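Asks: Predicted structure and sequence below. I'll ask about it afterward.
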Amino acid sequence: MIELRNLSKSFTTADGPVDALKHVNLTIRDGDIYGIIGMSGAGKSTLVRCINMLERPTDGAVLLDGKDLSSLDKKQLREMRHQVTMIFQSFNLLMQRTCLHNVMLPLRLSHVPKQEAEARARELLETVGLPDKANAYPAQLSGGQQQRVAIARALATNPSVLLCDEATSALDPKTTHAILELIRDINRKMGITVIVITHQMSVVQEICNRVAILENGSVVEEGDVSTVFSNPRAKATRSLVYPEMADMDAATSVRGQVVRITFHGAAAANKPLIASMAMERSIAASIVNASTRTVGDKVYGYMLLDIPGGPDVLADAVKYLSAEPDVSVQVEAKYGLNGSGEVSA
Amino acid sequence: MNQFQRAFTPEAMAEAWEIFQRDFPQGLWDTVYVTFIATFFAIVIGLPLGMLLVAGDEKGIRPMPPLLMKAINVIINLLRSVPFLILIVMVIPLTRIIVGTSVGTTASIVPLVIAAFPFVARLVESSLREVSPNIIEMAQSMGATPMQILLRVMLPEAVPSLITNFTLAITTILGYTAMSGAIGGGGLGKIAIMVGYNRYKYAVLYLAVIVLVILVQVMQSFGTWLAKKLDKRLKH
């Protein structure tokens, strides 16, 4: 288990001190795939580097299985880094060494005999699906293959925690998917706790079970991925979950009252809600804006509907939509003709 | 007929050819011997010094006391700013202590090494600084000691760049050997100045220069070829 307690980090720059992290509190349980997401400059990289003490926290503590990492001496720190390993956006392989030697590196650094290290490295290259690339040089591999070698290298010392710093940000969507699958496999089969730093919501959506949203060095929201997805509370979360929402203010052609429907994991194969409302109640709602995502077989997201007509029609629509399971309805006062506030259901 | 024209008469050319056959093999050998030995010792001193400059830097992997780093930098800059001819004279006492004499081919190695090692240190420094900070961070993240980072990560990654820079060093040192020839060191430089210039045998002078040019070309081509061959970033 990794606990971040009141973690703060400030840097001294030419323009004065900068607080990269402000009183971060997080608990990452064993076996989690924990996503830490934020825009660039939010402090993600600093946060992940505090977990393996590449950055020393200015204040607060990082506890690994209850042990305060700032209390470790140099030797203990190096041993801890065999237990908490890392992969990077730029793969960071030694370009002048073969894949086999790259994977052997952490073992050779901790004085594992050469033959033993080589056997282990070959085994790991097999695990990541590159048994035939042992003698190839990184420059001869694709980005995805290079990241696989980096993953094999990170697994060499039998870690209990794997830190992924934007590990898929340099890869195309298809390769990203394959690498994420591999990471999930490793998490499941080897029981390695994974911490994923990313700016891509899709990455969190694909493999994480828990997520923390970082903005300006603070955690603004944290929880199970499904909860955070279905009901993003913080503004930063909303703009990450629904990047399209930024355009919402441009919806000027509203005729009636705008209603927000939020899907909290409604069954994906459900009836066409808007169409059935039009047929059953003769309410011709138009969609102002919508963003939905399917996680597993559940739908999360929101839809903004423009409901023309008076308060009666509005009330009818709200009632109809609210009857649907896992859907909540809210009248958006901001776009209202009458500013009637919230009609919760 | 002026002096220059007289130097290229058939008789003069024949004499130059005779000198070429008689003296050049030894001269070439002296030049190559001095160049290689001096380069070797310049690297023996310059390589660790360059590593220290990078590692001991304020933002390096093993920061050293800033005052010490400052002192090392000042000494290197001082040595590099003394003109080579003057340096040769300045280190005569040291040369006597090390070699036993201050004249002759072997004696000329001492000032060459002293002139070249600060240069090599700077070249090594620049090669090592080319290694991506991301790679160094990677090594730190897997628990490498500063020494391991230097020897097992930075040096291997910098090999092609180091070869290129050592080639630059050896060709520069070759140029210096010609100067040390002026004050008693052996080699092609000595023949060019003592015979070719002082005794107006310009044909000999030109022959010596041609041989030196060929020597530089050969060394440079070999260095470039080796650096390319060893660079695994290039797809072969």
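Replies: Everything's here; your move. Numbers count the residues shown, from 1 in each chain, chains lettered A, B, ... in the order given.
Asks: Find the residue at the geometric middle of chain B.
Replies: residue B:173 (3.2 Å; Cα atoms, centre = their mean).
Asks: close enough to count as contact, that residue and residue B:112?
Replies: Yes. The pair residue B:173 and residue B:112 qualifies as a contact (Cβ atoms under 8 Å) at a distance of 6.0 Å. C-betas here are computed from N, CA, C, even on glycine.
Asks: mind checking how far stretch A:193-202 is from the chain centre?
Replies: Distance of stretch A:193-202 from the chain centroid (Cα atoms, centre = their mean, to the nearest Å) equals 4 Å.
Asks: Can that stretch be said to contact chain B?
Replies: No. Counting by Cβ under 8 Å from any Cβ of the partner chain, chain B has no neighbours in stretch A:193-202; the shortest distance is 13.0 Å.
Asks: residues of that stretch that come out buried?
Replies: A:193-198, A:200-201 (16 or more other Cβ atoms under 10 Å in any protein chain shown).
Asks: same thing with stretch B:174-194?
Replies: In stretch B:174-194, counting by 16+ other Cβ under 10 Å, buried: B:174, B:176-194.
Asks: Mind listing the shared neighbours of residue B:173 and residue B:112?
Replies: B:38, B:42 (Cβ atoms under 8 Å, 6 or more residues apart in numbering or on different chains).
Asks: what ranges do the helices span in the stretch 201-345 of chain A?
Replies: Secondary structure of the stretch 201-345 of chain A by DSSP state H, counting those that start in this stretch: the helices cover A:201-207, A:225-230, A:235-241, A:273-281, A:311-322.
Asks: Assign a three-state SS to residue A:18, would you?
Replies: strand (DSSP: H, G, I helix; E, B strand; the rest coil).
Asks: Residue B:218 now?
Replies: Classified using three-state DSSP, residue B:218 is helix.
Asks: Check what pLDDT it gets.
Replies: In the predicted model, residue B:218 carries a pLDDT score of 97.
Asks: Could you measure from it over to chain A?
Replies: 26 Å (Cβ to the nearest Cβ, to the nearest Å).
Asks: Three-state assignment for residue A:4, please.
Replies: strand.
Asks: Then the one 3 residues further on?
Replies: Three-state call for residue A:7 (three-state DSSP): strand.
Asks: List the contacts of it.
Replies: With Cβ under 8 Å, 6+ apart, residue A:7 has these contacts: A:21, A:23-25, A:47, A:50, A:57, A:59-62.
Asks: Excluding sequence neighbours, find me the nearest residue to it.
Replies: residue A:60 (3.9 Å; Cβ to Cβ, 6 or more residues apart in numbering or on different chains).
Asks: Report the separation between that neighbour and chain B.
Replies: 21 Å.
Asks: Could you verify my assumption that that residue touches residue A:23?
Replies: Yes. Counting by Cβ under 8 Å, residue A:60 does reach residue A:23; the two are 7.1 Å apart.
Asks: which of those two has more neighbours?
Replies: residue A:60 (18 against 15; other Cβ atoms under 10 Å in any protein chain shown).
Asks: any idea which helix or strand carries that one?
Replies: Assigned by DSSP states H and E, residue A:60 belongs to strand A:59-64.
Asks: Strand partners (parallel or antiparallel) of that strand?
Replies: Applying DSSP bridges, strand A:59-64 is found paired with strand A:2-13 (antiparallel), strand A:67-68 (antiparallel).
Asks: so how far is the longest one off the chain centroid?
Replies: Right, the one you point to is strand A:2-13. That offset, for strand A:2-13, works out to 20 Å (Cα atoms, centre = their mean).
Asks: Pull out the buried positions in that strand.
Replies: A:2-5, A:7-10.
Asks: Which of these sits closest to residue A:319?
Replies: Proximity of these to residue A:319, judged by Cβ to Cβ, is greatest for residue A:4, which lies at 45.2 Å.
Asks: Over to residue B:64. Which of the three states is it?
Replies: Applying three-state DSSP: residue B:64 is coil.
Asks: got any ranges where the chain has weak pLDDT?
Replies: Since you didn't name a chain, this refers to chain A. Within chain A, the ranges that satisfy pLDDT under 70 run A:243-255, A:268-271, A:296, A:333-345.
Asks: To clarify, I was referring to chain B.
Replies: The low-confidence ranges in chain B, as defined by pLDDT under 70, are B:182-183, B:235-236.
Asks: again, only using 50
Replies: Within chain B, no stretch has pLDDT under 50.
Asks: So which bits of chain B are right by chain A?
Replies: Near chain A, when you scan chain B using Cβ under 8 Å from any Cβ, you find B:132, B:134-135, B:137-145, B:148, B:152-153, B:156-157, B:159-160, B:230-235.
Asks: of these, buried ones?
Replies: For the residues of chain B next to chain A, buried by 16+ other Cβ under 10 Å: B:135, B:137-145, B:148, B:152-153, B:156-157, B:159-160, B:231-232.
Asks: What is the neighbour count of residue 43?
Replies: You didn't pick a chain, so chain A it is. 23.
Asks: um, chain B though
Replies: 22.
Asks: Was I right to think residue A:274 contacts residue A:306?
Replies: No. Counting by Cβ under 8 Å, residue A:274 sits too far from residue A:306 to count as a contact (11.2 Å).
Asks: out of all of them, which helix in chain B is the longest?
Replies: helix B:10-55 (DSSP state H).
Asks: Am I right that residue A:164 sits in a strand?
Replies: Yes. According to three-state DSSP, residue A:164 belongs to a strand.
Asks: Quick one: name the residues of the stretch 151-300 of chain A near chain B.
Replies: Going by Cβ under 8 Å from any Cβ, the residues of the stretch 151-300 of chain A near chain B are A:153, A:157.
Asks: distance between the ends of stretch A:70-78?
Replies: For stretch A:70-78, the first-to-last residue distance is 12 Å (Cα to Cα, to the nearest Å).
Asks: what's in contact with that stretch?
Replies: Contacts of stretch A:70-78 (Cβ under 8 Å, 6+ apart): A:53, A:56-57, A:61-62, A:69, A:80, B:143-145.
Asks: So which of the residues you listed sit within strands?
Replies: In strands, judged by DSSP state E, the following of these are found: A:61-62.
Asks: Any of the contacts of stretch A:70-78 buried? List them.
Replies: Using 16+ other Cβ under 10 Å, the buried ones in the contacts of stretch A:70-78 are A:53, A:57, A:61-62, A:69, A:80, B:143-145.
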